Structure formats: C-alpha cells, structure tokens
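any chance you could fold what I've pasted below:
(one chain, ligands or ions: 1)
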Amino acid sequence: MTLLTFRFAPSPNGELHLGHAYSALLNQKLATQAGGRLLLRIEDIDTTRCTPQFEAGVLDDLKWLGFAWEEPVRRQSEHFAEYKAMLDRLIAEELVYPAFMSRGEIRAFITDSEKHGRDWPRDPDGVPLYPAADKALPVKERKRRIAENTPFAWRLDVSAAMARVGKALSWTEYSDETLLVARSIEARPQDWGDVIVARRDIPTSYHLAVVMDDALQGISHVVRGQDLFSATAVQRLLQELLGLPQPAYFHHRLILGPDGRKLSKSLGDTGLAALRHAGASPEDIRRMVGL
Ligand code: GLU
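As a prediction, this is how the structure comes out:
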C-alpha cells in the first residue's frame with residue numbers, strides 16, 4: 001500500500017496568520033491519522049515579494065506551532081530549470097502563447113468593448129478574462145516583439161488545451177475532513193480564460209509549479225483553503241496536458257477575520273508572530289481555529 005502524502009505549501013511573501021495555522025495543523029492531523037507523510041513546500045517563485053526573512057519567519061512559526069515536516073523542504077525557487085522544461089513542452093506543443101498586453105491595455109480593451117454594450121466575462125475571482133487578441137499574432141510578429149524585449153507572459157491557450165485533452169475533466173473532492181466521502185467535481189478551466197503559465201523572467205506560475213510539485217513529491221491529498229477550490233480546474237487541465245497524476249482534494253473552510261473577511265498577510269493582530277508575542281500558546285492557536 002502506498003503511503004498517503006499531505007503537504008502544506010505557504011508562500012513566504014508575508015507572515016503566517018490563523019488561516020495558515022489551520023491549514024498546516026489540519027494537514028498534520030490528517031497525515032497523522034492516516035499514518036502518512038507530511039511535507040513542507042515553500043512556494044517562493046515570486047522573487048519580488050518572497051524574502052528569506054519571511055521564509056525564516058514561516059519556519060519559526062511552524063516549529064513553534066508544533067508542525068513537524070519531513071526534510072528536505074522543497075523550495076520552488078531552486079527548481080526553475082525543471083519548470084522551464086515543462087514550459088518548453090507546452091511551447092513546443094503550441095498550447096501556450098506569448099501575451100503582450102499590459103494591464104493598462106487590457107483595461108482599455110475591456111472598457112472599449114463594454115462601451116459597445118457587451119459585459120466582459122470575469123473569472124471566478126471576479127477578474128476580467130484576458131482578451132485573447134494577441135493569440136492570433138503571426139509568428140513573425142511574436143518573434144519581433146520578443147527580440148525587442150517587449151514584456152510578455154506565457155498564457156495557456158485554454159481552448160486549444162481543452163481540445164487537446166478531448167474529454168470532460170473532473171476532480172475528486174472530499175466532503176469533509178474525515179476524508180471518508182468524496183464526490184466528483186466538474187472542472188471548468190475555461191472559466192479562467194487564458195491563464196498565465198509563466199512569466200518572461202520566471203519560467204513558471206503558481207499553477208504550473210503546483211501541479212509539477214504535487215506530482216514530484218507524490219502528494220496523494222491536497223488539503224488547502226476553499227479560496228483555491230475553483231482554481232483546481234486549471235490545475236487538472238495542466239495535469240492532463242503534462243501527463244501528471246491527479247491527487248484527491250479537500251478544500252477546507254477559511255478562518256475569517258472579525259469583520260467576516262478572509263484574512264490577509266497584512267492583518268497584524270491575526271498574525272501568528274503577533275499572537276505569540278502577545279502571550280498566546282500553540283494550544284490557544286488550536287482552539288482559536290477549532291482544532
Ligand atoms: N502557496 C499557496 C498559498 O500560500 C497555496 C498553494 C496550494 O496549497 O496549492 O496560498
């Protein structure tokens with residue numbers, strides 16, 4: 001029998017808060033109950049926002065909480081060459097294209113289109129879909145712009161990708177943290193439009209790195225916040241395109257702030273370090289998150 005493998009995968013772009021504590025401790029609880037493995041992955045591909053100081057803080061907070069992970073820690077910034085190999089495959093298969101529109105140009109394009117009475121489609125997070133205008137750029141023009149150092153991102157051609165896969169996609173989602181009952185969820189990657197798969201200077205994006213790492217680390221159960229539920233559709237599509245295995249998922253409830261909103265990394269008073277300095281114990285944290 002293969003061991004069940006869980007992971008906690010924080011991004012060191014700020015301090016951990018109660019929501020992270022819940023996610024980490026829930027993964028630990030499930031791994032322990034299953035007699036499985038518990039891995040830690042540092043998702044630090046965004047080299048402008050992630051810092052060694054934040055990472056040190058994350059590791060400190062997790063140790064203090066009593067979260068015990070297997071060494072070595074996988075640090076995504078150390079694996080850019082591996083992500084690049086996957087990206088190159090997607091480029092060679094013409095499933096991604098260089099997208100040159102800047103944020104301002106995207107906004108102007110959409111405003112203009114909405115002036116003509118068309119509501120522009122938005123993704124499940126409420127962000128307008130990328131206008132796929134430059135998907136149609138001739139190869140020569142693409143090459144010219146890249147040679148001229150025009151900024152761009154590699155975007156997934158979602159309709160080409162779905163046509164390549166050629167079947168409806170779904171994923172296995174557990175109904176609650178007992179992980180006893182699961183249902184099949186229809187994956188709708190098209191709801192996200194042509195998502196970014198890599199940047200010009202960073203050969204990956206969150207989605208590409210996460211599917212590769214979940215596969216490389218042999219993750220059988222992805223347990224993470226409800227806020228990533230719909231995004232799972234994009235990850236299922238990438239798994240299928242790249243021939244990667246699919247884990248089972250459980251998207252847990254979110255810990256909300258006093259104002260009923262999702263916690264953010266800038267909310268000082270729900271930060272683990274602040275709570276610790278104010279005298280809270282790891283047991284207090286467990287109680288606060290209901291574990
Ligand atoms: N790194 C992501 C975050 O901190 C979590 C990714 C995942 O669990 O798939 O929000």
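
who's in contact with the residue of the stretch 101-250 of the chain found nearest the ligand?
Closest residue of the stretch 101-250 of the chain to the ligand, C-beta to the nearest ligand atom: Arg224 (3.6 Å). C-betas here are computed from N, CA, C, even on glycine. For Arg224, the contact set (C-beta atoms under 8 Å, 6 or more residues apart in numbering) comprises Ala9, Ser23, Tyr249, His251, His252.

which of the residues you listed sits closest to the ligand?
Proximity of the contacts of Arg224 to the ligand was ranked by C-beta to the nearest ligand atom; the top entry is Ala9 with 4.3 Å.

surely that closest one is in contact with Arg41?
Yes - using C-beta atoms under 8 Å, Ala9 is in contact with Arg41, at 4.2 Å.

so what sits against both of these two?
Shared contacts of Ala9 and Arg41 (C-beta under 8 Å, 6+ apart): Asp213.

who wins on neighbours among the contacts of Arg224?
Neighbour count (other C-beta atoms under 10 Å) singles out Ala9 as the most crowded of the contacts of Arg224, with 23 neighbours.

quick check on it: phi, psi?
phi -130, psi 70 (degrees, to the nearest 10).

quick one: contacts for the spatially most central residue of the chain?
Central residue of the chain (C-alpha atoms, centre = their mean): Tyr206, 4.6 Å from the mean position. By C-beta under 8 Å, 6+ apart, the contact set of Tyr206 is Glu43, Ile45.

check it and give its pLDDT.
pLDDT recorded at Tyr206 is 97.

ditto for Met1
At Met1, the model reports a pLDDT of 60.

work out for me the element Pro98 sits within.
strand 96-99 (DSSP states H and E).

and that strand, how far out from the chain's middle?
Mean C-alpha position of strand 96-99 versus that of the full chain (C-alpha atoms, centre = their mean, to the nearest Å) differs by 20 Å.

hmm, who's touching the helix or strand that that strand is followed by?
Of the helices and strands lying after strand 96-99 in sequence (DSSP H and E), the nearest is helix 103-115. Residues from elsewhere that reach helix 103-115, judged by C-beta under 8 Å, 6+ apart: Met101, Trp120, Pro128, Tyr130, Pro131, Ala133.

which among the residues you listed end up buried?
Met101, Pro128, Tyr130, Pro131 (16 or more other C-beta atoms under 10 Å).

now the first one: phi and psi?
With angles defined as degrees, to the nearest 10, Met101 sits at phi -70, psi 130.

show me the contacts for Ala153.
When contacts are counted by C-beta under 8 Å, 6+ apart, Ala153 touches Pro98, Ala99, Ile196, Ala198, Arg199, Arg200.

what's near enough to touch the residue lying closest to the first one once chain neighbours are set aside?
Pointing back at Pro98 there. Nearest residue to Pro98, sequence neighbours excluded (C-beta to C-beta, 6 or more residues apart in numbering): Phe152, at 4.3 Å. By C-beta under 8 Å, 6+ apart, the contact set of Phe152 is Pro98, Ala99, Phe100, Arg145, Ile146, Arg200.

so for the last one, what's the pLDDT?
Translated: Arg200. Note on Arg200: pLDDT of 91.

touching, it and Arg145? I think so.
No - assessed by C-beta under 8 Å, Arg200 is found out of contact with Arg145, at 11.0 Å.

what about the residue of the stretch 101-250 of the chain closest to the ligand, which SS state?
Assigned state for Arg224: strand (three-state reduction, DSSP: H, G, I helix; E, B strand; the rest coil).

residue ranges in the stretch 1-150 of the chain under the pLDDT threshold?
Confidence mapping of the stretch 1-150 of the chain against pLDDT under 70 gives the ranges 1.

how about the residues of it near the ligand?
By C-beta under 6 Å from any ligand atom, the residues of the stretch 1-150 of the chain that approach the ligand are Ala9, Pro10, Ser11, Glu43.

would you map the helices across the stretch 51-200 of the chain?
For the stretch 51-200 of the chain, applying DSSP state H, counting those that start in this stretch gives helices covering 52-65, 80-92, 103-115, 139-147, 158-165.

okay if I get the ones you listed as TSV plus mean neighbour count and distance to Pro124?
Listed next are the helices of the stretch 51-200 of the chain as TSV, based on neighbours: other C-beta atoms under 10 Å; distance: least, C-beta to C-beta, whole Å:
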stretch	mean neighbour count	distance to Pro124
helix 52-65	17	27
helix 80-92	16	23
helix 103-115	12	17
helix 139-147	12	29
helix 158-165	17	14
